[in-house]
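Asks: okay, sequence plus prediction incoming.
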Amino acid sequence: MKSLMMLWRVVADEFGSLCDVSTTRDCETVSSRLEDEGFSFLAITLPAFCADLQKALAEEAVAPDMFMGFTRHAGLPRFLGGFLELIFDRKSGVLLADPNIDAIHAVRQLTLLYGKTEAPTSAKRNKGALIGFVECEQEVKKFDRSVDPQELAEFSKMSRLLWSEVLQNVENDLYAEWAGKDRYNDPNWPYVVPKHGPGATADRKSGNGKFDLTEWPQRLDYVFPFEEYGIPNWRHIERLDRINYLEPGAERPVRVITVPKTLKTPRIIAIEPTSMQYMQQALKAMLVRSIQSDNALGAVVGFDDQWRNNLLASEGSLTGAFSTLDLSEASDRVSNQLVRAMLSPFPHLFEGVDATRSRLADVPGHGVIRLAKFASMGSALTFPIEAMIFTIVVYLGIQKSFGHRLSRRDLLALRGKVRIFGDDIIVPEDTTVDVMETLRTFGFVVSPHKSFWTGKFRESCGKEYYAGHDVSVVRVRKLAVLKDGSFALPNSRRFARETESLVQLRNRFYLSGLWTTAAWLDGKIGTLLGGHYPTIEVQESGQWNDQTSRSQLLGRWSVLPKRVSSSQDWRINPDLHSLDVRGWVTSHQIPSSKVSGVGALQKVLSPERREPFEDIEHLERAGRPQSTHITLRWMHYH
């Protein structure tokens with residue numbers, strides 16, 4: 001792990017120069033403990049150190065139970081003590097009146113550098129995660145049995161206030177679809193447009209194979225008949241004889257798996273059957289479209305624009321006006337009972353959502369269990385449904401704080417003050433206690449380490465702020481796994497994805513202002529890429545505090561005007577008369593995926609296919625890439 005230590009040392013030295021702090025002893029500590037404890041020190045122990053820092057910033061003092069596992073000198077740990085002294089008083093541990101922002105950024109960057117690195121989790125931790133999944137399910141069932149009917153009635157009232165117009169729009173479209181109303185004259189028809197996602201399915205279909213469906217649950221067929229959505233047209237009615245219509249007791253359960261996330265914990269995914277995922281995508285598109293067009297709540301619930309969360313978090317850190325809350329196991333704690341209460345006034349939508357919901361889960365080591373939750377990560381409907389449920393509960397908490405029933409006028413007044421993006425929630429600071437209490441009432445768990453409402457630190461949607469200053473960190477996402485099982489920065493181009501990630505890491509360091517670290521990585525990457533490492537002009541992406549580049553080349557971003565070095569291979573394109581540069585491009589090998597004639601017709605006639613297919617081999621190859629490699633090419637120089 002020498003290369004990991006070298007990168008940590010370079011970052012430490014750069015922040016040390018910035019803050020006039022010696023980091024020699026800190027590097028010695030990391031080197032020693034890395035040798036004794038392995039990669040877990042970087043990936044688990046140091047992030048826990050940062051969690052205590054953020055807690056201390058919120059409480060404005062270092063408590064005796066913080067920074068466990070690190071020796072202390074007076075009130076502060078010796079490790080990173082030079083930076084901590086610029087933030088807290090050494091003797092008392094109390095937050096300084098004017099803490100050094102660069103020192104806060106330094107401690108966060110040095111402790112979180114490897115905290116989100118994708119790594120396989122141990123079998124013991126995987127087993128623990130699956131046990132946690134089952135225990136969470138038991139807690140949802142306990143909530144269902146104990147929920148106060150009065151609380152449920154208040155939930156339904158708030159749901160109607162917030163979502164009646166949004167849900168009625170979807171209800172009307174479903175009614176029009178099933179009634180055949182104006183289907184040949186309405187430009188918006190068809191209203192229900194199913195599609196296949198790119199991921200795995202419980203019945204192990206992938207790529208183009210998803211268009212050759214072989215099973216369809218009976219209760220799904222009752223609402224979404226296979227002959228309407230599973231075949232291109234009625235000329236292929238014979239396909240109905242090949243479909244296995246599954247009775248409720250024989251339905252295929254979702255397949256619960258663990259996938260690598262971080263060394264500390266895996267990600268739990270519930271893989272849906274192909275037929276369910278297919279129709280879930282249709283309902284998801286209808287819900288998201290209706291929510292985004294709503295005048296009062298379109299800017300409250302986010303699906304693809306995180307900048308609103310970032311902006312409110314920044315303001316909250318500066319003025320204290322907003323709190324940022326994060327929920328633990330958010331999607332797994334959404335009770336289906338709450339979803340039924342929200343949708344019951346809209347019978348067509350209720351039927352559609354219920355028909356596309358999987359009721360069973362196959363959990364390794366625990367067998368097939370019946371689900372009380374609405375759905376886990378893996379269902380296309382999880383994200384929009386959980387966002388709507390969280391919004392209802394949050395506004396119930398705000399209503400409790402206000403002391404009177406909310407009106408439509410109140411909803412309009414709260415625009416720009418409440419924001420929900422998945423399980424990232426932002427609310428006015430003076431309503432925080434009531435919102436948190438209401439979330440707990442409905443079975444949700446507010447994460448104490450990721451929620452902030454006191455002090456000047458705020459965090460939301462991947463951005464962190466202190467007193468209005470961006471103290472977000474750059475994280476190593478992928479590392480090469482060597483033959484002995486150890487982790488390292490990639491040392492060969494055969495680590496294609498890791499090499500691409502290393503270039504992205506360098507560019508993020510550059511944009512964050514750590515130019516010495518970026519220059520050190522330039523030396524590593526230049527050697528790795530054999531000198532074909534062009535400078536690429538960075539472009540504004542339109543997102544809040546985010547930038548990107550139009551070039552496909554693996555190259556270094558620069559805010560300076562683009563220029564071609566004499567050491568680079570370049571030419572004038574003979575056809576376009578534009579400048580080309582020779583560099584490395586990431587290529588993905590799409591797996592071979594055959595499809596029958598009827599399946600191919602179903603794919604090309606799908607209503608969601610609004611544009612021509614870019615890949616002429618789309619009927620021969622489809623699905624997620626099975627391998628990645630980098631290739632030396634001539635590319636247009638952006």
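Replies: Good, I have the coordinates. Residues are numbered from 1 along each chain as shown.
Asks: so residue 507 is in contact with residue 558, correct?
Replies: No. Residue 507 is not in contact with residue 558 according to C-beta atoms under 8 Å; the separation is 9.3 Å. Heads up, the C-betas are built off the backbone N, CA and C, glycines and all.
Asks: buried residues in stretch 406-418?
Replies: Residues of stretch 406-418 classed as buried: 406, 410-411, 414, 418 (neighbour count, 16 or more other C-beta atoms under 10 Å).
Asks: before we move on, back to that, give me the common contacts of residue 507 and residue 558.
Replies: residue 538 (C-beta atoms under 8 Å, 6 or more residues apart in numbering).
Asks: between these two, which one's more packed in?
Replies: Applying other C-beta atoms under 10 Å to residue 507 and residue 558 shows that residue 507 carries more neighbours, namely 23 against 16.
Asks: grab the nearest non-local neighbour of that one.
Replies: Spatial nearest neighbour of residue 507, chain neighbours left out: residue 557 (4.3 Å); criterion: C-beta to C-beta, 6 or more residues apart in numbering.
Asks: close enough to count as contact, that neighbour and residue 511?
Replies: Yes. If you go by C-beta under 8 Å, residue 557 and residue 511 touch, sitting 6.8 Å apart.
Asks: and the gap between residue 391 and residue 195?
Replies: Residue 391 sits 26 Å away from residue 195, going by C-beta to C-beta, to the nearest Å.
Asks: out of these two, which sits in the busier spot?
Replies: residue 391 (22 against 19).
Asks: the residue nearest to the more buried one when sequence neighbours are not counted: what secondary structure?
Replies: Ranked by C-beta to C-beta, 6+ apart and with sequence neighbours excluded, the top spatial neighbour of residue 391 is residue 420, at 5.4 Å. At residue 420 the chain is in strand, as set by DSSP: H, G, I helix; E, B strand; the rest coil.
Asks: distance of residue 420 relative to residue 392?
Replies: Using C-beta to C-beta, residue 420 is found at 10 Å from residue 392.
Asks: which segments of this protein make up each domain?
Replies: For the chain, automatic domain parsing gives the domain ranges 2-115, 126-466, 515-636.
Asks: averaged pLDDT, the longest one. What do you get?
Replies: Looking back up the chat, that one is domain 126-466. In this model, domain 126-466 carries a mean pLDDT of 93.
Asks: what separates the first and last residues of it, distance-wise?
Replies: Domain 126-466 stretches 35 Å from its first residue to its last (C-alpha to C-alpha, to the nearest Å).
Asks: helices and strands around the strand or helix carrying residue 504, which ones?
Replies: Using DSSP states H and E, residue 504 falls within helix 496-511. Under the contact criterion of 3 or more C-beta pairs under 8 Å, 6 or more residues apart in numbering; DSSP states H and E, helix 496-511 touches helix 515-528, strand 556-558, strand 627-636.
Asks: of all those, which one is nearest residue 426?
Replies: Among the helices and strands packed on helix 496-511, the nearest to residue 426 by C-beta to C-beta is strand 556-558 (30.2 Å).
Asks: outside of the closest one, which residues touch it?
Replies: Applying C-beta under 8 Å, 6+ apart, the contact partners of strand 556-558 are 503, 506-507, 510-511, 518, 522, 525, 533-538, 547, 549.
Asks: at 6 Å instead, please
Replies: 507, 510, 535-536, 538, 549 (C-beta atoms under 6 Å, 6 or more residues apart in numbering).
Asks: next: stretch 277-287.
Replies: Contact with stretch 277-287 is made by 170, 192-197, 224, 352, 356, 379-381, 384, as judged by C-beta under 6 Å, 6+ apart.
Asks: tell me the one among those residues nearest to residue 483.
Replies: The closest of these, once distances to residue 483 are taken by C-beta to C-beta, is residue 197, at 35.1 Å.
Asks: quick one: that closest one from residue 345, how far?
Replies: According to C-beta to C-beta, residue 197 and residue 345 sit 29 Å apart.
Asks: what's the answer for residue 40, then?
Replies: Distance of residue 40 to residue 345, computed by C-beta to C-beta: 51 Å.
Asks: same check, this time on residue 132
Replies: Residue 132 sits 35 Å away from residue 345, taking C-beta to C-beta as the criterion.
Asks: which other helices and strands contact the lengthiest helix in the chain?
Replies: Longest helix in the chain, counting residues (DSSP state H): helix 149-179. If contacts are counted by 3 or more C-beta pairs under 6 Å, 6 or more residues apart in numbering; DSSP states H and E, helix 149-179 sits against helix 274-292, helix 336-343, helix 347-355, helix 382-402.
Asks: residues of the first one that come out buried?
Replies: Under the neighbour-count criterion of 16+ other C-beta under 10 Å, helix 274-292 has 274-288, 290-292 buried.
Asks: tell me the angle that helix makes with helix 149-179.
Replies: Computed with axes from the mean of the first three to the mean of the last three C-alpha atoms, to 10 degrees, the direction of helix 274-292 lies at 100 degrees from that of helix 149-179.
Asks: contact partners of the helix or strand following helix 274-292?
Replies: Downstream of helix 274-292, the first helix or strand assigned by DSSP H and E is helix 307-319. Helix 307-319 is contacted from outside by 322, 324, 419, 421, 424, 426, 456, 458, 460-461, 463, 465-468, 543-544, using C-beta under 6 Å, 6+ apart.
Asks: so what sits opposite residue 245 in the bridge?
Replies: Counting by DSSP bridges, residue 245 forms beta bridges with residue 216.
Asks: pretty sure residue 534 is touching residue 554, no?
Replies: No. Applying C-beta atoms under 6 Å, one finds residue 534 not in contact with residue 554, separated by 8.7 Å.
Asks: residue 59: how many residues sit nearby?
Replies: Residues near residue 59, counting by other C-beta under 10 Å, number 13.
Asks: what's the answer for residue 578, then?
Replies: The number of residues near residue 578, taken as other C-beta under 10 Å, comes to 11.
Asks: now do the contacts for it.
Replies: residue 636.
Asks: cutoff 10 Å now
Replies: Shown in contact with residue 578 (C-beta atoms under 10 Å, 6 or more residues apart in numbering): 571-572, 636-638.
Asks: what's the separation between it and residue 560?
Replies: From residue 578 across to residue 560, the span is 20 Å (C-beta to C-beta).
Asks: just residue 583 next, same as before
Replies: 18 Å.
Asks: what do you get for residue 93?
Replies: 44 Å.
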